[in-house]
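1. Sequence first, predicted model second:
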Amino acid sequence: MLWDIDHTLIAMRGIGSQLFGMAFEQTLGVPMKRQALIDGMTDQTIFAATAHEHGIAVSSADFARFAAALAEVHLAHIPQIRERGHALPGAASAIAAFAALGIRQSVATGNIAATSRIKLAAFGLDTEMDWATGAFGDDADNRPDLVRVARLRSGCQPSDIVVIGDTPADIDGATANEILAVGIASGKSTEDRLRAAGASVTLPDLTNIDLLLDAIGRRVKD
């Protein structure tokens, strides 16, 4: 089981963009006037695109410095993350239900590894994740490669994996690797849009555990 994080399990409600801006300025020495569109993108891609919008070309070394700064500002602002953000309805129950069934869970997320842990830990959603088999925004710059990295780390066949996410990019990451995609319309994308992107199953949110388990049952029971 591979979870997306933002708008699938949690909502940051603006604090994430503020922390991104702080790390951006620390890394490049200029205030972030605007952030590139982020829906479904990886931190690596967002950083490069945002820098480009500010007339700056960045290197892999710049991203490494940015990733370190981003982790630091998230760690320093955990109280604000908890105050402004929240776990999405049903997220904790869904993770617990899968854990009770012995289903291995990890993440395929555009967030870098460090902030992924911080964000989920802030809302108590981290303890059931097998972090060693996840894939993160510092592993690749697109969703198909992220999911491929996670698959290789897990040692599982595509037929044994399910990706759960809220954007067409999440769905594309799964289908490009011949993996079942479950679309959750808890972000900006509707169920119709997620189905059009190739999701095998769509749900409005994570609150109906029975429907979610039924949606993935064909895959996890094999």
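-> Yep, it's here. Not measured: the values here are computed from a predicted model. Numbering: from 1, shown residues only.

2. Dihedrals phi and psi, Ala135?
-> In terms of degrees, to the nearest 10, the main-chain angles of Ala135 are phi -140, psi 140.

3. What is the burial count for it?
-> Residues near Ala135, counting by other Cβ atoms under 10 Å, number 28. Where C-beta positions appear, they are placed from N, C-alpha and C, glycine not excepted.

4. And Arg82, by the same measure?
-> For Arg82, the neighbour count with other Cβ under 10 Å is 12.

5. Can you find the helix or strand in this structure with the smallest mean pLDDT?
-> Between all helices and strands in the chain, the lowest mean by mean pLDDT, DSSP states H and E belongs to helix 209-220, at a mean of 76.

6. Identify the single longest helix in this structure, thanks.
-> Secondary structure of the chain read by DSSP state H shows that its longest helix is helix 60-76.

7. List the contacts of that one.
-> Identification of contacts with helix 60-76 by Cβ atoms under 8 Å, 6 or more residues apart in numbering yields 19-20, 22-24, 26-28, 43-44, 47-48, 51, 58, 81, 112, 114-115, 118-119, 138.

8. May I see the buried residues of that helix?
-> Under the neighbour-count criterion of 16 or more other Cβ atoms under 10 Å, helix 60-76 has 62-63, 65-67, 69-71, 73-74 buried.

9. This structure: helices as residue ranges?
-> Secondary structure of the chain (DSSP H): helices at 15-28, 43-53, 60-76, 78-84, 91-100, 113-122, 143-154, 168-175, 191-197, 209-220.

10. still on that earlier bit, now for the least confident helix or strand of the chain, which elements pack on it?
-> Helix 209-220 makes packing contacts with helix 91-100, strand 162-165, strand 180-184, strand 201-203 when contacts are defined by 3 or more Cβ pairs under 8 Å, 6 or more residues apart in numbering; DSSP states H and E.
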